[in-house]
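Novice: this one's structure only:
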């Protein structure tokens, strides 16, 4: 099976505008996310999926392939993913959000393995319930499920903006949740300038590599 990672990003954050381009250790925050996602083994490609209005700004910040569709509304991220899937066909897609500069490739690989082992349609490590720190979020879903859900009528604006809730509720879909071995009550995603300062503090301790264990050690 081929797997392509879609990194979802935008500049219009209400709490922290343009956070994906904020300086983090001399580079844009989004560059850290892309670098870590590119370290995930088994991917056939990594694509930054953004609104058409933001594409030029991201193009100046990274050489990662960027996809936008000017015909898709900025808030319709599900529609943008479906359009991106037509341009970058694969059997499965990995969804990562662009505000996770401490994304752990080994956690993503764990989710990918479970997805295959359990013949799932959708697999995630829901950081609200499983013990994984906020900021290590990753979701994997089949191209067939993406296509099926995105074609449904009467989806709410929330379902279209957040991409995957409708997938988890899709009748007949096999959904798998990957729990952490222990609970880590940490927030590593960036929603505010204060969150960014936390991430800066962790990276200042120079974690050895991108593994989850290395980031935990550097955050102590």
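Specialist: Cool, got the structure. These numbers were taken from a predicted model, which means no experiment stands behind them.
Novice: which of the three states applies to the residue nearest in space to the middle of the chain?
Specialist: When Cα atoms, centre = their mean is applied to the chain, the residue found nearest the centroid is residue 96 (0.7 Å). At residue 96 the chain is in strand, as set by DSSP: H, G, I helix; E, B strand; the rest coil.
Novice: for it, which non-adjacent residue is closest in space?
Specialist: Take residue 96 and drop its neighbours on the chain: the residue closest to it by Cβ to Cβ, 6 or more residues apart in numbering is residue 7, 4.9 Å away. Every residue, glycine included, has its C-beta placed from N, CA and C.
Novice: burial of the one you found, as a residue count?
Specialist: Other residues lying near residue 7 total 27 when counted by other Cβ atoms under 10 Å.
Novice: kindly report the same for the one 5 residues further on.
Specialist: Residue crowding around residue 12 was assessed by other Cβ under 10 Å; the count is 11.
Novice: next one: residue 86 from residue 47, what distance?
Specialist: Taking Cβ to Cβ, to the nearest Å as the measure, residue 86 falls 12 Å from residue 47.
Novice: with neighbour numbers in mind, choose between those two.
Specialist: Between residue 86 and residue 47, counted using other Cβ under 10 Å, residue 47 has the larger neighbour count: 20 against 11.
Novice: quickly find the element holding the more buried one.
Specialist: Using DSSP states H and E, residue 47 falls within strand 45-49.
Novice: let me see the mean pLDDT of that strand.
Specialist: For strand 45-49, the mean per-residue pLDDT is 98.
Novice: mind listing what residue 126 touches?
Specialist: 132, 137, 177 (Cβ atoms under 8 Å, 6 or more residues apart in numbering).
Novice: using the three-state scheme, assign it.
Specialist: Taken by three-state DSSP, the conformation at residue 126 corresponds to coil.
Novice: residue 19 touches residue 99, doesn't it?
Specialist: Yes: under the contact definition of Cβ atoms under 8 Å, residue 19 touches residue 99, with a separation of 6.2 Å.
Novice: could you pull out the helices for the chain?
Specialist: Assigned helices in the chain, in chain order: 29-38, 55-59, 77-87, 105-117, 143-150, 157-162, 165-168, 193-204, 212-218 (criterion: DSSP state H).
Novice: buried deepest among those helices, which one?
Specialist: helix 29-38 (a mean of 22; mean count of other Cβ atoms under 10 Å).
Novice: mind listing what's buried in stretch 89-105?
Specialist: Using 16 or more other Cβ atoms under 10 Å as the test for burial, stretch 89-105 gives 90, 92-105.
Novice: how distant is the strand holding residue 47 from the center of its chain?
Specialist: 10 Å (Cα atoms, centre = their mean, to the nearest Å).
Novice: same thing with stretch 107-125?
Specialist: So, by Cα atoms, centre = their mean, the centroid of stretch 107-125 is 14 Å from its chain's centroid.
Novice: and it, end to end?
Specialist: 9 Å (Cα to Cα, to the nearest Å).
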